[in-house]
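Q: Okay, predicted coordinates and the sequence, questions at the end:
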Amino acid sequence: DTAVSQTPKYLVTQMGNDKSIKCEQNLGHDTMYWYKQDSKKFLKIMFSYNNKELIINETVPNRFSPKSPDKAHLNLHINSLELGDSAVYFCASSQQRGVQETQYFGPGTRLLVL
Amino acid sequence: AQSVTQLGSHVSVSEGALVLLRCNYSSSVPPYLFWYVQYPNQGLQLLLKYTSAATLVKGINGFEAEFKKSETSFHLTKPSAHMSDAAEYFCAVKGQAGTALIFGKGTTLSVSS
């Protein structure tokens, strides 16, 4: 009964490869997010979708492309991986009732680019 | 624009001692403030949140935080530390609906026996 799940949990790949990370939430929320946590543990928003519509798109290289097939899923595809993409990527979800809504986080995907 | 500053990247306490993790915020609109905890190799878990209903907010695991507008602070406290409290703690702010959380840089809490 995991609320927000991500696959894979670990991802080790070579520079230049293309990879995808998947996220699913079973909370019935209408908003989903991707955050990146760097090696210094700093967390920063990348994207957010509300009811499958992109609402936040921070300054992220266009090698990163989110896709939301339905409001329970938000995937992240990364093209031409670079060393600097190594990080932990967290998916989160919330119900957009108001500004104080709680975001629930997945366990993270640890990406290592060699 | 919103931002948070966590003072002290690393705090060490003895088991049973008071825990105080500091967070100051900057916000152009009434802020909504959150504390999250991250245990090693895990995701983030909400400890507590301030939503303007009460300035003293109680959270899980015995933690609480007090919103002080005059000091623009939202410090996290726990009267007596347990070994299991050792983790990374993040303060975050949200200013408007439809925006994402803005996180501080985190504070690592170490608890020694």
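A: Cool, got the structure.
Q: At which residues are the strands of chain A located?
A: A:4-7, A:10-13, A:19-25, A:31-37, A:43-50, A:53-57, A:64-70, A:73-78, A:87-94, A:104-105, A:109-113 (DSSP state E).
Q: Comparing these, which yields the minimum mean pLDDT?
A: Lowest mean pLDDT within those: strand A:53-57, at a mean of 85.
Q: hmm, that one touching chain B?
A: Yes - applying Cβ under 8 Å from any Cβ of the partner chain, one finds strand A:53-57 in contact with chain B at A:I55, A:I56. No exception for glycine: its C-beta is placed from N, CA and C like everyone else's.
Q: Show me what that strand is packed up against.
A: Other helices and strands packing on strand A:53-57, by 3 or more Cβ pairs under 8 Å, 6 or more residues apart in numbering or on different chains; DSSP states H and E, are strand A:43-50.
Q: which outside residues touch the strand it packs on?
A: Strand A:43-50 is contacted from outside by A:30-38, A:54-58, A:60, A:64, A:66, A:68, A:71, A:74, A:76, A:89-90, A:96, B:44, B:90, B:98, B:100-103, B:106, using Cβ atoms under 8 Å, 6 or more residues apart in numbering or on different chains.
Q: Of the residues you listed, just the buried ones, ChimeraX syntax please.
A: Buried members of these, defined by 16 or more other Cβ atoms under 10 Å in any protein chain shown, are picked up in ChimeraX with:
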select /A:30,31,32,33,34,35,36,37,56,60,64,66,68,71,74,76,89,90 /B:44,90,100,101,102,103,106
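Q: What residues does the most centrally placed residue in chain B make contact with?
A: By Cα atoms, centre = their mean, chain B has its centre lying nearest to B:W35, at 3.5 Å. If you count contacts by Cβ under 8 Å, 6+ apart, B:W35 has them with B:21, B:23, B:46-49, B:59, B:63, B:65, B:74, B:76, B:89-92.
Q: Among those, which one sits closest to chain A?
A: Set against chain A, the nearest of those by Cβ to the nearest Cβ is B:L46 (5.5 Å).
Q: Which is the succeeding secondary structure element to the one helix or strand the closest one maps to?
A: Here B:L46, judged by DSSP states H and E, is contained in strand B:44-50. Next helix or strand after strand B:44-50 toward the C-terminus (DSSP H and E): strand B:56-58.
Q: I am finished for the moment; much appreciated.
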